[in-house]
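Peer 1: need the 3D shape of this:
(chains A and B, ligands or ions: 2)
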Amino acid sequence: MSALESLTARLRDALPPDALITDPVRLRTYECDGLTVHRATPGVVVLPDSAEQVAAVVGLCAEHGVPFVARGSGTGLSGGALPRTDGVLIVTSRMRRILEVDVPGRRAVVEPGVTNLAITEAVRDQGLYYAPDPSSQQICSIGGNVAENSGGAHCLKYGFTVNHVLAVEIVTPDGEIVELSEQDAGYDLLGAFIGSEGTLGIATKITVRLSRAPEAVTTLLAAFTGIEAGGRAVSAVIAAGVVPAAIEMMDALAIEAAEAAVRCEYPEGAGAVLVVELDGPKAAVDREFAEVERLCRESGAFEIRIAASAEERAAIWKGRKSAFAAVGRISPAYIVQDGVVPRTALPGVLAGIDRLQEEYGIRVANVFHAGDGNLHPLVLFDDAVPGEEERAEAVSGLILDLCIEHGGSITGEHGVGVDKSRYMPRMFSADDLDAMQLVRCAFDPRGLSNPGKVFPTPRLCGEVPGVRRGVHPLVEAGLAEQF
Amino acid sequence: MGTRAVEDAGRDERAGKALAATGVTVRPAVPGDAVGRVRPRWVVLPETAGEIAAVMRVSAEHDLAVVPAGGGTKLHWGAPPSRCDILLDTCCLNAVIEHVAGDLVVRAQAGLTLEALREALAAAGQELALDVPVPGTTVGGLVATALAGPRRFRYGTARDLLIGITVVLPDGTVARSGGKVVKNVAGYDVGKLFTGSYGTLGVVVDATFRLHPLPADRAWVTAGFEPPGPLGDADRAAGLGAALAAVSGSQAEPSAVELDWPDPDGPCVMAVLLEGTAADTRAAAVRGLLGPDSDLRPTPPPWWGRLPEPPAAQKGEAPESRGREDEVLLELRITPPRVPGVLAEVRRAAGDLGVRAAVRGAAASGVLHIALHAGTDAGTVPGTDAGTDAGTDAGTDRGTDGGTDAGAAARFVARLRAEAEDGGGRLLVVAAPEEVARRAGRWGRVGALTLMRRIKERFDPDGRMSPGRSVGGT
Ligand SMILES: Cc1cc2nc3c(=O)[nH]c(=O)nc-3n(C[C@H](O)[C@H](O)[C@H](O)COP(=O)(O)OP(=O)(O)OC[C@H]3O[C@@H](n4cnc5c(N)ncnc54)[C@H](O)[C@@H]3O)c2cc1C
Ligand SMILES: Cc1cc2nc3c(=O)[nH]c(=O)nc-3n(C[C@H](O)[C@H](O)[C@H](O)COP(=O)(O)OP(=O)(O)OC[C@H]3O[C@@H](n4cnc5c(N)ncnc54)[C@H](O)[C@@H]3O)c2cc1C
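Peer 2: Ligands and ions are numbered 1, 2, ... in the order given. Purely as a prediction, here's the structure:
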């Protein structure tokens, strides 16, 4: 009997019957996440409904030496939730309770399967919300957000998941239930766990900070003839000391796709559009908004639209929010890339992407969080044309090289997962990666928690070498005092 | 000399030679270099990451314990190291490596003081939005102690603004994590582990931070409150609580809401900072919440951004100057709505135990510092032998006229800790005479202690980095 088979027998005893899936057809529904090029049918799937059940499953995995992978809603874009054929997929879809809402204390305690938006919906009528807002917020789970340290359009001003999570209860790869809290003294393990992509254990309970909804929100759309002018406007706004809630940019091709898909009716002839949103105290927003408008005009905006109502705001955002899916209208297939460059390097990197388009005969639609230099180039190709997919892959990879060259990162929010682990050695030295492995080995010495993700060649942890336990020889010899 | 001492002298000499051979500036330690009474043998003054690495390799070969020091401003705080051969002073690593104003990012060396950093950034109209309460603090010390001041309410603490780090591990490996872009999720965030590490995992060489524009305007609103009352006086607590909730939740978006209660018999002051565009209009809105007796001021109150000082032993006396060795500094971490209730408990416990404590901190973030005197050094009170009751924790530990005593201070800690932890909070002993810290325990509850020990074992398997200085003896 294989390890997985004997484990499955034990899981049958440990879990209610409907919490274990072994039927091949049903298993296949879990074969990929939002990045569908990577697929694998999981060995077994479990649907625990409590931390104790997760701990029981993980404990049995540890005992049998079987790898396990956590899965939230499966919207990840880096293959982080790609299952193991020889392992267990632990799906949090039955852990969807909001356990506690503390309005005066501005916090909520939720289970990992709760969707991002469900948290905001539960507190909205109190004037509160959960700030990080990935575009996938209607479906993605808070557990997945914690694992990816997800951002959103408004993270320029408000930060990422790591800035809004106060505590996480985890099941360690040994099967222990442990709380990581921002209030604890010592190393910031909470911060290290967030963004670890399921490789340090499974989050089973999450305490999030709730923010007060801002008094005023204003949104404008500025149209430019080209991306350079748009870039100038972004720099001018930042240099003026304004920190907008969001500044998003789309280039001509991305606008064309959005028009085709959702008829967003952005100004005709725009070579680039900028969406700028300010929020905060009304007195401050009013003044800063006037300044942003002026700076956009000075940078060459030929048309500016200001949202006067929630509907008009939604209309402005519609094109931007639809961009990923929209390119499907202008291209049979595409790759969503996620890279980051220092904001001041944007012009150079965009020029570099243009050169790659010409050289490889591949079109790239640019959509990006301009405020923090997070690019989402959409690399378009036709999979029916031989060789085109390979060329698109090449362009996609070279864009990451451009990001690294300019002092940026290979991922701003989608994570490394299985997709980008091979790029890690381009961004980090072997010593850097080894230092990260020390963290992995402390949490997961057997390497069973989501193995094969994030790091290219996991190194064996081994025993901790030469740990000194007991009294120091100098103390023993009476030559030093221990205080 | 016995053979053992001869062997050790030989060992010392070999290690000393090896250190000298690195070419790094080394000097023999003098008594003033002691870290919490443990005197190192050498002080090294490296100037580059490579030099730190060379020192660390020698320390690995010769089994030498290393304690990194920044400004050394409060090196004696926290647990003393169980041993210390080398004091690694980062003062020569004091440059701003890169400041790209357009990216709102700075990379600075560990030994740079925050004052010097502030000056460099202000020239470009920017700042690192952390108000560190201790002058002379360095970038490395900031990261290692995870310090933050009033504006943590708006900007968080060092871990929230740190985006990249370079460290030297105990075996001399130079490793980097994060980078120089704010948005970056590639790999583990090793920098997070180094925040709050007190020099126990390795040496911070440089750190990269996210910056903010210097606010155009600042305004403070202050208001006095009756001291949080003893048991039964719910009204006072409710008044303070309501004001705190109203201000911290207000649409005026304050950057900080501080509370200062310097004298247990006097009033308690709330100070609210508004900064940025339309600060005045927003300050007026806060005054609306705090009532007509509140004041609008263009500058902060004198105590702003400083740690509290222990009150005088007797009511009415002037507080003593800082730096007495019997100072106890506690850090309370609770959810903000519990602040008034916990302050009332501070008062009750202080009354019961004869302790006089001052409280100050970021009330809207639920982080408060409490300062008191524990009587002299080893717990003895001058002119009495009250300190000899060490170990008789069951005795009546009321303070005597010189201040408190070790037993009373330890009980005070225990009571407040019970109160804090009861509601999911924490109470940390930041600084205290060893006797108090030993009796009360420094850290209180730490959910992930086992994991922290495992991190320490992996990063520093020989236990040579600031041994014994962090949580759970790590
Ligand atoms: C249309 C679209 C738009 C998107 N927009 C954004 C965006 O704006 N910003 C952004 O940051 N991301 C975005 N994403 C990516 C994705 O939605 C996020 O990464 C999200 O956090 C994933 O959540 P999930 O529940 O779907 O996780 P999954 O895809 O199920 O898993 C993601 C990773 O998390 C791990 N994981 C899941 N649950 C747990 C748990 N409880 N404990 C430990 N590890 C766990 C998995 O093992 C895997 O490694 C977008 C995706 C799509 C499809
Ligand atoms: C253990 C301890 C706990 C403290 N806790 C608090 C607190 O909670 N609140 C508060 O307001 N003040 C606290 N302080 C006091 C004081 O605020 C800080 O010591 C000071 O501000 C830090 O600045 P510094 O550069 O002078 O560091 P130092 O006083 O020289 O060192 C402080 C700590 O940081 C470590 N360290 C310094 N530089 C490096 C480096 N480059 N790499 C790795 N480690 C380094 C040291 O080993 C030491 O543990 C604490 C101090 C100590 C020693």
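
Peer 1: can you give the domain ranges for the chain?
Peer 2: I went with chain A, as the question did not name one. A:3-91, A:99-212, A:214-330, A:331-427 (automatic domain parsing).

Peer 1: to clarify, I was referring to chain B.
Peer 2: Domain assignment for chain B by automatic domain parsing gives B:3-91+B:458-473, B:96-213, B:218-440.

Peer 1: pick the most buried one from the domains of chain A.
Peer 2: Compared across the domains of chain A, domain A:99-212 shows the largest average neighbour count, a mean of 22 (mean count of other Cβ atoms under 10 Å in any protein chain shown). For the C-beta atoms, the positions are set from N, CA and C on the backbone; glycine is no exception.

Peer 1: that one and ligand 2, are they touching?
Peer 2: No. Domain A:99-212 is not in contact with ligand 2 by Cβ under 6 Å from any ligand atom; minimum separation 8.5 Å.

Peer 1: give the rounded mean pLDDT of that domain.
Peer 2: Mean pLDDT, domain A:99-212: 97.

Peer 1: pick out the residue in chain B sitting closest to ligand 1.
Peer 2: Relative to ligand 1, the nearest point of chain B is residue B:185 (8.0 Å; Cβ to the nearest ligand atom).

Peer 1: what sits against that residue?
Peer 2: Residues near residue B:185 by Cβ atoms under 8 Å, 6 or more residues apart in numbering or on different chains: A:148-149, A:195, A:409, A:411-416.

Peer 1: identify the residues contacting stretch B:116-132?
Peer 2: By Cβ under 8 Å, 6+ apart, the list of residues contacting stretch B:116-132 reads A:241, B:94, B:96, B:99, B:101, B:104, B:106, B:108, B:114, B:139, B:142, B:147-152, B:154-155, B:157-158, B:161, B:209, B:211-214, B:305.

Peer 1: now do 7 Å
Peer 2: Contacting residues not belonging to stretch B:116-132 are listed as A:241, B:94, B:96, B:99, B:101, B:104, B:106, B:108, B:114, B:139, B:142, B:147-151, B:155, B:158, B:161, B:209, B:211-214, B:305 [Cβ atoms under 7 Å, 6 or more residues apart in numbering or on different chains].

Peer 1: among the residues you listed, which are in reach of ligand 2?
Peer 2: The subset of these lying close to ligand 2, counting by Cβ under 6 Å from any ligand atom, consists of residue B:147.

Peer 1: narrow the contacts of stretch B:116-132 to those in strands?
Peer 2: Counting by DSSP state E, the part of the contacts of stretch B:116-132 found in strands is B:96, B:99, B:106, B:108, B:209, B:212-213.

Peer 1: show me the shaky parts of chain B.
Peer 2: Low-confidence segments of chain B, defined by pLDDT under 70: B:1-2, B:73-76, B:229-237, B:314-324, B:376-404, B:472-474.

Peer 1: please see if the helix ranked longest in it touches chain A.
Peer 2: Longest helix in chain B, counting residues (DSSP state H): helix B:3-21. Yes. Contact of helix B:3-21 with chain A is found when judged by Cβ under 7 Å from any Cβ of the partner chain, involving B:4, B:8.
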